[in-house]
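Asker: I'll drop the sequence and a predicted model, then ask my questions.
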Amino acid sequence: MASGRWWTLCLQTWRTLPKSVPCLTSLDQLLDSGLYTGEVTELMGAPGTGKTQVCLGIAASVSLGLKQHVLFLDSTGGFTASRLCQMLQAQTEDEEEQLEALQRIQVVRVFNIYELLSALQELRDRLSQQVVSSMGPLKMVLLDSVSAVISPLLGGRQSEGLALMMQLSKELKTLAREFSLAVVVTNQVTRDSSTGLLKPALGRSWSFVPSTRVLLESKEASWDKASTRRAASLAKSPRQPTGIQVELDIGNGDVLEPSLVTPTQGL
Amino acid sequence: MDWDQFDLNPKTIAALKKADIKSVREVLNLSGADLQRLMKLSSADIQCLLRTVSHMLRRNSMLTALQLYQDKDHFTSQHQKLSLGCSVLDNLLKGGIPLVGITELAGESSAGKTQISLQLCLCVQYPYKYGGLESGAVYICTEDVFPSKRLQQLIEQQHKLRADVPAEIIHKIRFGNSIFVERAADLDSFQQCLSRRLSLLLARGMARLVVIDSLAALFRCDFGPAQAALRARYLQSFGAQLHSLSTRFSTPIMCINQVSDAVSESEAAQCSCRVEGSRVTPALGITWSNQLLMRLMVSRASLPGHSPGAASHCAGSVRTLRVVFAPHLPPSFCYYTVQLEGVKGIK
């Protein structure tokens, strides 16, 4: 019967729906209960607005609170284990837990597109072989930052820049989809030459890749005290209306108790 | 070669031993068909053998954050930084300049940027134990003449500045020999310098610090507001080349930048330095800021609330060094003075 088939289709789609990974509580409000697996989320902002800090905070809270493994692909050289440790110390006093949390975060340094693609390929190999290693159940991949590897390729004399960018985006999206990972990338902003407003880097072709985009801005600081308060606003989302803003404090990673959300199973 | 350590079918291991294949190199040198013929196995088995052997060879590039955090002794660890030669300044930067990435030092003229970079050129030549990198430095001048007299003064006074280093080590280092000065007055010569001479010097290990003084000067004359796109392309290409040199050779890159007044409200909100009522922002805009890992700003005026009496014992005026953004440092500042022996921080 027709309605029977429709019901089965519903059930199948329900099972493959993205599940959300809650991380920083105020960011969770912005993202409708957390970062969704199976999708690419983008954080963009001017230099110094705290993109790397938010990524470190997300990694720390997922590793400590949810006890899931995290892969951090660092292309700027901005990942420092001591800053990560500071954030973990702010969340828990127990040294044992901190060390375990540090062990669940894997770091790969990739400084050009080819290294990045080969690291993603290695990741895919490991996940598809289900090799039992210290890898454990990987839930999140953070890439900081995607524009640092792609911008040198665009606009030059080589015409492969766009093709490589599309290959990278396909790789990220299929990884997210097939292995139920939440992928977070950071992007820079550039100034629009005609209007003078800030817009995300990498152009229109990249703008179709992430399904959610969050813009980070720093609030006006007083003269002698640089503020650690940042404003995060939703620029693109399939679930929430755009324009919502929350405030973040990147001083010690704005983390309160992360809630453990059991992912909605099928019926 | 002990084939038993591989995760292979015993039939494959027996065939390997019978065909007298002794090393992984032999396995990979022979083609699939040759291996089939030699070992008398099916192509599926050979594929499995090749895959297992390549897995063993592939280097695991992933490290856990715990390993990075505990990795304090390894000399290529992230804890290693290039010291500035003064303990107060090093404390502000938690060790010094990071080895990978572009660091910018911005400030108005005569704030002390050239002094700090000259001091860095000397500090890089000390041994690893004293915060240096045991190698030379490349100094690229784009507008002013290289201050060689001041460099000679600094070299003579090194024993006074670096009291923590034993005198015989200081005597042994030939400071003047390892500083390579390049002059690049326009974009083409700068491009040449980057692509040819710099990579040669870095590849030979003769230099492990690059100082560029200053990048804004190259763009001042030729580029009007209408050529913003062209300027952005140059800046991105320079940034990418510098970044790739920095990561390949683990070399800190220090770029000196000038400042201009912040005219609009949005620019004023982004800048973080106010000098005598006017606000300044580093030159070259957001395109260049995107290429940086860390930005430091120096200024001559002391901050309000600083009592002049405290600094009266120092010769020369008090200046401020502040961290504008860095992934591993909170926004902070400290005071310093420029003396005969170099730049020294004030506690």
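Answerer: Structure's in. What do you need? Numbers count the residues shown, from 1 in each chain, chains lettered A, B, ... in the order given.
Asker: so residue B:154 sits right up against residue B:342, yeah?
Answerer: Yes: in terms of CB atoms under 8 Å, residue B:154 counts as a neighbour of residue B:342; the distance is 5.7 Å. For every residue, glycine as well, the C-beta is placed using N, CA and C.
Asker: now for these two: what residues contact both?
Answerer: Common neighbours of residue B:154 and residue B:342 are listed as B:118, B:119, B:122, B:161 (criterion: CB atoms under 8 Å, 6 or more residues apart in numbering or on different chains).
Asker: JSON lines please, covering those residues and showing pLDDT and neighbour count.
Answerer: Below are these laid out as JSON lines (pLDDT from 0 to 100; neighbours: other CB atoms under 10 Å in any protein chain shown):
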{"residue": "B:118", "pLDDT": "93", "neighbour count": "25"}
{"residue": "B:119", "pLDDT": "93", "neighbour count": "24"}
{"residue": "B:122", "pLDDT": "93", "neighbour count": "23"}
{"residue": "B:161", "pLDDT": "88", "neighbour count": "21"}
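Asker: which of the residues in the host helix or strand of residue B:233 are buried?
Answerer: Element membership for residue B:233, per DSSP states H and E: helix B:228-249. Residues of helix B:228-249 classed as buried by neighbour count (16 or more other CB atoms under 10 Å in any protein chain shown): B:231-232, B:234-243, B:245-247, B:249.
Asker: what residues does that helix touch?
Answerer: Residues from elsewhere that reach helix B:228-249 (CB under 8 Å, 6+ apart): A:77, A:111-112, A:148, A:151-152, A:155-156, A:190, A:193, B:100-102, B:187, B:190-191, B:194-195, B:198-199, B:202-203, B:208, B:210, B:215, B:219, B:223, B:251-253, B:255, B:284, B:287-288, B:290-291.
Asker: could you point out which element follows it?
Answerer: Using DSSP H and E, the next helix or strand after helix B:228-249 towards the C-terminus is strand B:253-257.
Asker: check whether that next one comes near chain A.
Answerer: No: for a cut-off given as CB under 8 Å from any CB of the partner chain, strand B:253-257 has no contacts with chain A; the smallest distance is 11.1 Å.
Asker: could I get the average pLDDT for the helix or strand that that strand is followed by?
Answerer: Once the chain leaves strand B:253-257, the next helix or strand it forms, by DSSP H and E, is strand B:259-261. This predicted structure assigns strand B:259-261 an average pLDDT of 84.
Asker: can strand B:259-261 be said to contact chain A?
Answerer: No: Strand B:259-261 lies apart from chain A when judged by CB under 8 Å from any CB; the minimum separation is 15.2 Å.
Asker: roughly how far is that strand from the heart of the chain?
Answerer: Its chain's C-alpha centre and that of strand B:259-261 lie 25 Å apart, by CA atoms, centre = their mean, to the nearest Å.
Asker: got the contact list for that strand?
Answerer: Contact with strand B:259-261 is made by B:106, B:107, B:108, B:273, B:278, B:279, B:280, B:281, B:282, B:283, B:297, as judged by CB under 8 Å, 6+ apart.
Asker: and the residue of the stretch 101-250 of chain B found nearest chain A, how far from residue A:152?
Answerer: When distances are taken as CB to the nearest CB, the stretch 101-250 of chain B approaches chain A most closely through residue B:240, which lies 3.4 Å from it. Look at residue B:240 and residue A:152: by CB to CB, to the nearest Å, they are 3 Å apart.
Asker: please apply the same query to residue B:30.
Answerer: Taking CB to CB as the measure, residue B:30 and residue A:152 are separated by 39 Å.
Asker: pick out whichever of those two has more residues nearby.
Answerer: Comparing residue B:30 with residue A:152 by other CB atoms under 10 Å in any protein chain shown, the one with more neighbours is residue A:152, at 21 against 18.
Asker: against residue B:174, how distant is the more buried one?
Answerer: In this structure, residue A:152 and residue B:174 are separated by 37 Å, where distance is defined by CB to CB.
Asker: surely residue A:80 is in contact with residue B:327?
Answerer: Yes: here residue A:80 lies in contact with residue B:327, judged by CB under 8 Å, at a distance of 6.4 Å.
Asker: hmm, back to that, state the mean pLDDT of the helix holding residue B:233.
Answerer: Summarised as a single mean, pLDDT over helix B:228-249 is 87.
Asker: and that helix, C-alpha only, in PDB?
Answerer: Written as PDB, here are the backbone C-alpha positions of helix B:228-249 (Å, rounded to 0.1, in the frame of the first residue of the first chain):
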ATOM      1  CA  ALA B 228      43.100  47.000  -4.200                       C
ATOM      2  CA  ALA B 229      42.500  43.600  -5.900                       C
ATOM      3  CA  LEU B 230      45.900  43.500  -7.400                       C
ATOM      4  CA  ARG B 231      47.500  44.500  -4.100                       C
ATOM      5  CA  ALA B 232      45.500  41.800  -2.300                       C
ATOM      6  CA  ARG B 233      46.800  39.200  -4.800                       C
ATOM      7  CA  TYR B 234      50.400  40.200  -4.200                       C
ATOM      8  CA  LEU B 235      49.900  40.100  -0.400                       C
ATOM      9  CA  GLN B 236      48.300  36.700  -0.500                       C
ATOM     10  CA  SER B 237      51.000  35.400  -2.700                       C
ATOM     11  CA  PHE B 238      53.800  36.800  -0.500                       C
ATOM     12  CA  GLY B 239      52.000  35.500   2.600                       C
ATOM     13  CA  ALA B 240      51.700  32.000   1.100                       C
ATOM     14  CA  GLN B 241      55.300  31.900   0.100                       C
ATOM     15  CA  LEU B 242      56.500  33.100   3.400                       C
ATOM     16  CA  HIS B 243      54.200  30.600   5.200                       C
ATOM     17  CA  SER B 244      55.400  27.700   3.200                       C
ATOM     18  CA  LEU B 245      59.100  28.600   3.700                       C
ATOM     19  CA  SER B 246      58.400  28.900   7.400                       C
ATOM     20  CA  THR B 247      56.800  25.500   7.700                       C
ATOM     21  CA  ARG B 248      59.300  23.700   5.500                       C
ATOM     22  CA  PHE B 249      62.300  25.000   7.400                       C
END
